[in-house]
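> Just need the structure, nothing else, for what follows:
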Amino acid sequence: MLGAGSWGTTFAKVLADSGADVVLCARRRELADELATTRENSDYLPGVRLPDAVDITADPRAALAGADVVALAVPSHTLRENLAGWAPDLPADATLLSLSKGIEIGTAKRMSEVIIEVTGAAPERIAVVTGPNLAGEVAAEQPTASVIACVDHDRASGVQAICQAPYFRPYTNTDVVGCELGGTVKNVIALACGMSDGLGFGDNTRASLITRGLAETARLGAALGADPTTFAGLAGLGDLVATCTSPLSRNRTVGVRLGAGEDITSIKRGMRQVAEGVLSCRAVADLAARAGVEMPITDHVVQVCHEGMQPADLVAKLMGRNPRPE
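Numbers count the residues shown, from 1 in each chain. Okay, the predicted model is just below:
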């Protein structure tokens with residue numbers, strides 16, 4: 001496991017609770033020392049104890065030695081840089097498991113595409129974890145279902161087998177494109193839902209944004225060859241609902257603060273963790289433009305986060321668009 005943020009630490013716990021041998025590699029030596037000494041990640045998951053079966057290191061080479069599955073749990077905007085340093089030590093036949101949800105800024109590539117480009121690994125070696133993955137709830141062992149996506153069904157099943165914990169139920173899917181898009185666009189829609197909540201709007205507004213956000217995601221998926229049924233499942237609707245409604249969602253939380261009148265610069269300055277949607281909304285809009293897909297919610301979130309639009313104007317502009325069939 002490379003990366004010991006909230007989700008990386010949580011997924012290491014899931015793997016250990018499933019009976020797998022796990023080495024968790026923190027990028028900061030001081031965090032590795034804390035994890036090894038206290039068995040707790042006080043920065044991201046205070047009060048959650050890591051199983052004794054999880055070995056801790058700050059040495060990526062030691063973590064990678066002999067690994068059958070290499071889980072990559074770093075923010076999407078840092079994946080390429082980190083992976084370039086890790087690539088020489090990756091075991092030749094290991095499954096590369098992406099826990100990152102985002103589109104790369106500049107290239108508009110999905111995380112699996114970045115992994116393939118940096119490592120030269122065949123697509124059949126790349127798997128993705130997605131679905132409603134709020135780290136705090138999973139770490140607290142609240143029942144949840146998730147998705148392991150890989151174009152090689154047998155490899156997806158192999159990963160499924162090592163992360164089947166009593167509280168964590170993974171399903172398999174071969175639609176990597178759809179699963180990655182669902183896990184990325186939901187962060188952008190969650191920002192919009194948070195803005196709506198921060199402005200004081202209620203359930204009708206939130207439900208409308210979630211539903212139309214799902215339509216945006218599905219349109220983009222269709223243009224890029226995804227399976228439409230993916231968006232009705234855990235990687236689509238499931239992840240979208242959790243991220244748009246939970247107070248544990250960083251993206252929704254940032255949206256709420258924007259809707260309440262805070263500016264994005266001060267919000268980012270005070271955050272210890274990344275709200276992926278703030279960074280990736282421009283990459284999602286770029287990908288949609290390249291694919292010729294209209295994504296009005298995404299476009300307006302970009303304008304709020306990066307171009308000075310006020311959240312109240314986002315709502316007015318979306319509501320004032322020309323009428324059309326659903």
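> Mind pulling up the pLDDT for the spatially closest residue to Ala108 that is not a sequence neighbour?
With sequence-adjacent residues excluded and distances taken as CB to CB, 6 or more residues apart in numbering, Ala108 is closest to Leu287, at 4.1 Å. Placement of C-beta: from N, CA and C, glycine included. At Leu287, the model reports a pLDDT of 97.
> what packs against the helix or strand where Leu287 lies?
Using DSSP states H and E, Leu287 sits within helix 276-291. Identification of packing neighbours for helix 276-291 by 3 or more CB pairs under 8 Å, 6 or more residues apart in numbering; DSSP states H and E yields helix 176-198, helix 203-223, helix 250-259, helix 296-306.
> Nearest approach to Leu64 belongs to which of the ones you listed?
Relative to Leu64, the nearest member of these by CB to CB is helix 176-198, separated by 22.8 Å.
> With only the CA atoms kept, save that closest one in PDB.
Only the C-alpha atoms of helix 176-198 are listed here, as PDB (Å, rounded to 0.1, in the frame of the first residue of the first chain):
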ATOM      1  CA  VAL A 176     -12.900   0.500 -15.900                       C
ATOM      2  CA  VAL A 177     -13.800   3.600 -18.000                       C
ATOM      3  CA  GLY A 178     -17.300   3.900 -16.400                       C
ATOM      4  CA  CYS A 179     -16.100   3.200 -12.900                       C
ATOM      5  CA  GLU A 180     -13.300   5.800 -13.000                       C
ATOM      6  CA  LEU A 181     -15.600   8.400 -14.500                       C
ATOM      7  CA  GLY A 182     -18.200   7.800 -11.800                       C
ATOM      8  CA  GLY A 183     -15.600   8.100  -9.100                       C
ATOM      9  CA  THR A 184     -14.300  11.400 -10.600                       C
ATOM     10  CA  VAL A 185     -17.300  13.400 -11.700                       C
ATOM     11  CA  LYS A 186     -19.200  12.700  -8.400                       C
ATOM     12  CA  ASN A 187     -16.600  15.000  -6.700                       C
ATOM     13  CA  VAL A 188     -17.600  17.800  -9.000                       C
ATOM     14  CA  ILE A 189     -21.300  17.300  -8.500                       C
ATOM     15  CA  ALA A 190     -20.700  17.100  -4.700                       C
ATOM     16  CA  LEU A 191     -19.200  20.600  -4.800                       C
ATOM     17  CA  ALA A 192     -22.400  21.900  -6.500                       C
ATOM     18  CA  CYS A 193     -24.600  20.100  -3.900                       C
ATOM     19  CA  GLY A 194     -22.600  21.500  -1.100                       C
ATOM     20  CA  MET A 195     -23.000  25.000  -2.600                       C
ATOM     21  CA  SER A 196     -26.800  24.400  -2.700                       C
ATOM     22  CA  ASP A 197     -26.800  23.300   1.000                       C
ATOM     23  CA  GLY A 198     -24.600  26.300   2.000                       C
END
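> For that helix, what is the distance to the chain centroid?
10 Å (CA atoms, centre = their mean, to the nearest Å).
> just the angle between that helix and helix 276-291, please?
In terms of direction (axes from the mean of the first three to the mean of the last three CA atoms, to 10 degrees), helix 176-198 departs from helix 276-291 by 120 degrees.
> Name all residues that make contact with the residue nearest to Ser246 when sequence neighbours are not counted.
Closest residue in space to Ser246, ignoring its immediate chain neighbours: Leu134 at 5.7 Å, by CB to CB, 6+ apart. For Leu134, the contact set (CB atoms under 8 Å, 6 or more residues apart in numbering) comprises Thr144, Ala242, Thr243, Ser246, Leu248, Ser249.
> Recalculate using a threshold of 7 Å.
Ala242, Ser246, Leu248, Ser249 (CB atoms under 7 Å, 6 or more residues apart in numbering).
> Which ChimeraX command selects the buried ones in the residues you listed?
Filtering these down to the buried ones (16 or more other CB atoms under 10 Å) takes a single ChimeraX command:
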select :242,246,249
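> which residue is nearest the middle of the chain?
Centroid check for the chain by CA atoms, centre = their mean gives Lys101 as the closest residue, at 2.9 Å.
> returning to that earlier point: now the helix holding Leu287 and helix 250-259, what's the angle there?
Comparing the axes of helix 276-291 and helix 250-259 via the same axes, to 10 degrees yields an angle of 100 degrees.
> Report the angle between helix 276-291 and helix 296-306.
Using the same axes, to 10 degrees: helix 276-291 against helix 296-306 is 130 degrees.
> just the CA coordinates of helix 276-291, formatted as CSV?
Output of helix 276-291 as CSV, limited to C-alpha atoms (Å, rounded to 0.1, in the frame of the first residue of the first chain):
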residue,chain,number,x,y,z
GLU,A,276,-10.3,16.3,-5.4
GLY,A,277,-13.2,18.0,-7.2
VAL,A,278,-11.7,21.5,-6.8
LEU,A,279,-8.6,20.3,-8.7
SER,A,280,-10.2,17.9,-11.1
CYS,A,281,-13.3,19.9,-12.2
ARG,A,282,-11.2,21.7,-14.9
ALA,A,283,-9.8,18.4,-16.1
VAL,A,284,-13.3,16.9,-16.2
ALA,A,285,-14.5,19.9,-18.2
ASP,A,286,-11.5,19.5,-20.5
LEU,A,287,-12.2,15.8,-21.1
ALA,A,288,-15.9,16.6,-21.8
ALA,A,289,-14.9,19.3,-24.3
ARG,A,290,-12.6,16.9,-26.1
ALA,A,291,-15.4,14.4,-26.3
